[in-house]
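K.L.:
okay, here's the prediction I keep looking at, along with the sequence it came from:
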Amino acid sequence: MDMSTLTWTVFALLVIAIAIAALNFLGNRTKKDTFLLLGLSDSGKTLLFLKLRHGSSVNVQTHTSMKENEGQFIINDNGTPLTKNPTHVVDVPGHEKLRFKFSDFIPITRGIIFVIDSSTCAKNSRQIAEYLYDIFSHKKVKNIPMLIACNMSDMITALPPERIRTILENEINRLRVTRTAGLDHQDSVEDVEFLGYESEDFKFEHLENEVVFEKCSVKEGEINVIKEWIVDAFQGGK
Ligand SMILES: Nc1nc2c(ncn2[C@@H]2O[C@H](COP(=O)(O)OP(=O)(O)OP(=O)(O)O)[C@@H](O)[C@H]2O)c(=O)[nH]1
Ligand SMILES: [Mg+2]
């Protein structure tokens with residue numbers, strides 16, 4: 001084989017390798033294997049992300065996030081893999097000016113874990129409902145299931161999930177009136193999302209999305225219910 005044939009062969013192999021890598025990359029980007037961790041600031045998303053990634057016994061002090069945390073890893077129970085393939089998990093900061101980032105990931109999202117601090121939920125119900133309203137009225141969220149993780153169940157003031165569900169339904173009901181009332185003066189009324197049924201009080205079960213409420217304590221490592229939900233959604237059970 002002369003020099004020029006060798007050069008051309010190496011060049012051709014290089015082009016093929018780059019093409020395969022590019023196809024793989026694009027393939028991954030369009031695969032719906034992403035789980036989003038959303039919720040207000042201080043609800044426990046980053047601690048949950050770290051425990052999903054490094055194990056429930058990890059104990060670290062987290063600080064308000066200014067940027068998303070992203071990782072591709074296998075959901076596991078003390079090192080025992082619960083899925084065959086890795087999932088892509090994204091923890092989006094709860095800060096009001098940063099949370100809009102969640103919509104970038106919606107096209108590749110398999111499930112949303114919305115984390116709530118159950119001990120301050122009644123006080124923050126309006127803010128939580130606003131965030132949930134923004135998520136559910138996003139056009140591409142329709143078929144994405146959501147787990148509402150009622151975190152901090154170790155706190156004495158934590159409310160049970162059923163109570164949290166009712167508080168949020170009432171708050172979204174009120175929000176629905178204010179949000180749609182302002183629309184009378186706008187041109188494209190039909191563009192605005194009305195959550196639930198117009199003739200009935202808002203209920204999560206009226207949404208097209210499957211929504212479940214579960215209690216957990218990320219700090220105490222009680223996150224099995226979250227892992228199970230992810231595994232189920234990842235394997236197509238939702
Ligand atoms: N008591 C208790 N504290 C928790 C629990 N989960 C998280 N925390 C604490 O709550 C605080 C906030 O947790 P983070 O994970 O940083 O909150 P975050 O949702 O990422 O907040 P942002 O990054 O601002 O959006 C930390 O001090 C955690 O240790 C829990 O289950 N119980
Ligand atoms: Mg954080």
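P.N.:
On my side now, so go ahead. Ligands and ions are numbered 1, 2, ... in the order given.
K.L.:
tell me the SS of residue 115?
P.N.:
Here residue 115 takes the strand state, with states given by DSSP: H, G, I helix; E, B strand; the rest coil.
K.L.:
what's the local residue count around the closest residue to it other than its chain neighbours?
P.N.:
Counting by CB to CB, 6 or more residues apart in numbering, the nearest residue to residue 115 once its immediate chain neighbours are dropped is residue 39, at 3.7 Å. No exception for glycine: its C-beta is placed from N, CA and C like everyone else's. When neighbours are counted by other CB atoms under 10 Å, residue 39 registers 26.
K.L.:
pretty sure residue 39 is touching residue 120, no?
P.N.:
No - when contacts are counted by CB atoms under 8 Å, residue 39 is not listed as touching residue 120 (11.7 Å).
K.L.:
any idea how far the residue minimising distance to the centre of the chain lies from residue 134?
P.N.:
With distances taken as CA atoms, centre = their mean, the chain has residue 36 as the residue nearest its mean C-alpha position (2.4 Å). If you measure residue 36 against residue 134 using CB to CB, to the nearest Å, the figure is 13 Å.
K.L.:
now residue 10
P.N.:
From residue 10 over to residue 134 the distance is 52 Å, taken as CB to CB.
K.L.:
list the buried ones in the lengthiest helix in the chain?
P.N.:
If each helix of the chain is counted by residues according to DSSP state H, the longest one is helix 3-30. If you call a residue buried by 16 or more other CB atoms under 10 Å, then helix 3-30 has no buried ones at all.
K.L.:
I'd like the average pLDDT over that helix.
P.N.:
Helix 3-30 carries an average pLDDT of 77.
K.L.:
which element follows it toward the C-terminus?
P.N.:
Next in sequence after helix 3-30, counting helices and strands by DSSP states H and E, comes strand 34-38.
K.L.:
now that following strand - C-alpha only, PDB.
P.N.:
Taking C-alpha atoms only, strand 34-38 is exported to PDB below (Å, rounded to 0.1, in the frame of the first residue of the first chain):
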ATOM      1  CA  THR A  34     -34.600  12.800  30.800                       C
ATOM      2  CA  PHE A  35     -36.000  13.200  34.300                       C
ATOM      3  CA  LEU A  36     -36.400  16.800  35.400                       C
ATOM      4  CA  LEU A  37     -36.200  17.800  39.100                       C
ATOM      5  CA  LEU A  38     -38.300  21.000  39.400                       C
END
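K.L.:
and it, what's buried?
P.N.:
34, 35, 36, 37, 38.
K.L.:
re earlier: got a pLDDT number for the residue nearest to residue 115?
P.N.:
What the model reports for residue 39 is a pLDDT of 98.
K.L.:
likewise the one 5 residues further on?
P.N.:
Note for residue 44: predicted pLDDT of 98.
K.L.:
check contacts around it.
P.N.:
Applying CB atoms under 8 Å, 6 or more residues apart in numbering to residue 44 gives the contacts 115, 117, 151, 152, 218, 219.
K.L.:
mind putting those in TSV, distance to residue 233, neighbour count and pLDDT included?
P.N.:
What follows is the contacts of residue 44, written out as TSV (distance: CB to CB, whole Å; neighbours: other CB atoms under 10 Å; pLDDT from 0 to 100):
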residue	distance to residue 233	neighbour count	pLDDT
115	16	27	98
117	23	21	98
151	19	29	98
152	23	25	98
218	19	26	97
219	24	17	96
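K.L.:
can you tell me which of these is nearest ligand 2?
P.N.:
Top of the list for closeness to ligand 2, among the contacts of residue 44 and by CB to the ion, is residue 115 at 9.7 Å.
K.L.:
mind checking how far the closest one is from residue 146?
P.N.:
11 Å.
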